[in-house]
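1. Fold the stuff below for me.
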Amino acid sequence: MQRIVVLNPKGGSGKTTLAINLASYFATRQQKPVLMDFDPQGSSLRWVKKRQPAQPLIQSIAAFEKDSRTTRSFQLRVPGGTTHLIIDTPAALDAPQMPDITRGADKILVPVLPSDIDIHACSRCVRDLLLVAKIRREDDRLAVVANRVRRNTLIYQSLIRFLQTLGIPIVATIRDSQNYVRAAELGIGVHEMKSYIAREDVEQWVSLTEWLEKPGRQ
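-> Modelled structure (predicted):
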């Protein structure tokens, strides 16, 4: 089972969009993904509930809920046969919480938007992952996704220059597309949309999925 953590303490960076589309991608390839939602807003969970019985199965775990009647480990148990566990983390995640949330992660994805505020937040997040969570660059477990990008803008160029200084790979550049909004409303991912509608979006995921398939070193 591959454990993928989607993490950025900055709210609105696109963590849930990335997480649900990862789950959709794996489900359409006859895999058995599970979304574990730690975000109290429960957006990933609501998306799963919108899915229709005819669609590829995606299971979910409401990790943000606290149930005094069961142990925490029982509540977070992963169904047998799961191929990919995708963890959607909450905003405002503190640095001391990062070692726990990233423990055992095969891959960690940090989505970042092209804005000065988001660039600063991403810098702090990567620093905490390296220094507090002890994620090593050479293990190839940590990568950045440039999200909601308009390529021919100065802020995009500034974002790419900044990301290159981190020494962390940029594994995808995802455009600002209404297809993600429409897909989320329907309980699907862009990989489940008609190809003539979402072809450009789907093509941008190739580099990301190829990186996920590469084994990291722990």
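
2. For residue 125, give its distance to residue 136.
-> In this view, residue 125 and residue 136 are 16 Å apart by Cβ to Cβ, to the nearest Å. (C-beta placed from N, C-alpha, C; glycine too.)

3. out of these two, which sits in the more crowded spot?
-> residue 125 (22 against 12; other Cβ atoms under 10 Å).

4. Now do the contacts for that one.
-> Listed by Cβ atoms under 8 Å, 6 or more residues apart in numbering, the contact set of residue 125 reads 7, 8, 9, 10, 110.

5. which SS class is the nearest residue to residue 83 once chain neighbours are set aside?
-> Of all residues beyond its chain neighbours, the one nearest residue 83 is residue 31 (4.3 Å), with distances taken as Cβ to Cβ, 6 or more residues apart in numbering. With DSSP: H, G, I helix; E, B strand; the rest coil as the basis, the three-state label of residue 31 is coil.

6. Select the longest strand from the protein.
-> strand 142-149 (DSSP state E).

7. if we look at that strand, which residues are touching it?
-> So strand 142-149 is in contact with 13-14, 17-18, 107-114, 122, 126, 129-130, 135, 156, 159-160, 163, 166, 168-176, 208, 211, going by Cβ under 8 Å, 6+ apart.

8. Return the list of strands paired to that strand, each annotated with direction.
-> strand 107-112 (parallel), strand 170-175 (parallel) (DSSP bridges).

9. so how far is that strand off the chain centroid?
-> 10 Å (Cα atoms, centre = their mean, to the nearest Å).

10. Export that strand to PDB, keeping only CA atoms.
-> Provided in PDB are the C-alpha atoms of strand 142-149 (Å, rounded to 0.1, in the frame of the first residue of the first chain):
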ATOM      1  CA  LEU A 142       8.900  15.200  -1.000                       C
ATOM      2  CA  ALA A 143       7.700  17.200  -4.000                       C
ATOM      3  CA  VAL A 144       5.800  20.400  -4.800                       C
ATOM      4  CA  VAL A 145       2.800  20.900  -7.100                       C
ATOM      5  CA  ALA A 146       2.300  24.400  -8.600                       C
ATOM      6  CA  ASN A 147      -1.400  24.800  -8.500                       C
ATOM      7  CA  ARG A 148      -4.000  27.000 -10.200                       C
ATOM      8  CA  VAL A 149      -1.300  28.400 -12.500                       C
END
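
11. where's the helix or strand containing residue 128 relative to the chain centroid, distance-wise?
-> Using DSSP states H and E, the element containing residue 128 is helix 116-131. On the basis of Cα atoms, centre = their mean, the separation between the geometric centre of helix 116-131 and that of its chain is 16 Å.

12. Taking strand 107-112 as reference, get the angle to that helix.
-> Going by axes from the mean of the first three to the mean of the last three Cα atoms, to 10 degrees, helix 116-131 is angled at 160 degrees with respect to strand 107-112.

13. which residue packs closest to residue 215, ignoring adjacent ones?
-> Of all residues not flanking residue 215 in the chain, residue 106 sits nearest, at 7.8 Å (Cβ to Cβ, 6+ apart).

14. Much appreciated, bye for now.
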